[in-house]
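Peer 1: Dropping a prediction and its sequence here:
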Amino acid sequence: MARVIAWELDVFGSHGMAAADYPGMLALIESGALQPQKLIERVIGLEDAAVMLPRMDTANVAGMTMIHPSR
């Protein structure tokens, strides 16, 4: 994240998505056309998050790591 700030990089993602676009996106998920669960590489608990967060800057897996508080 330090590089994003230092190099003034733009990060693109779902943050900032127009609220008007959510119903269409959710309909695609509901129909099965979009399957966001396939993007999840692993799910970890809060206990492991402190170790994993610094590693996310140098991710070597294709999917996302989800932090689930009840794990």
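Peer 2: Here it is on my side, so go on.

Peer 1: Nearest the geometric middle of this structure, what residue?
Peer 2: With distances taken as C-alpha atoms, centre = their mean, M64 lies nearest the centre of the chain, 5.5 Å away.

Peer 1: buried residues in the lowest-mean-pLDDT helix or strand in the chain?
Peer 2: In the chain, no helix or strand scores lower on mean pLDDT, DSSP states H and E than helix 2-6, which sits at a mean of 78. By 16 or more other C-beta atoms under 10 Å, helix 2-6 has no buried positions at all. C-betas here are computed from N, CA, C, even on glycine.

Peer 1: Extract the C-alpha trace of that helix and format it as CSV.
Peer 2: C-alpha atoms of helix 2-6 as CSV (Å, rounded to 0.1, in the frame of the first residue of the first chain):
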residue,chain,number,x,y,z
ALA,A,2,2.9,2.3,0.6
ARG,A,3,3.8,2.1,-3.1
VAL,A,4,0.2,3.1,-4.1
ILE,A,5,0.6,6.2,-2.0
ALA,A,6,4.2,7.0,-2.8
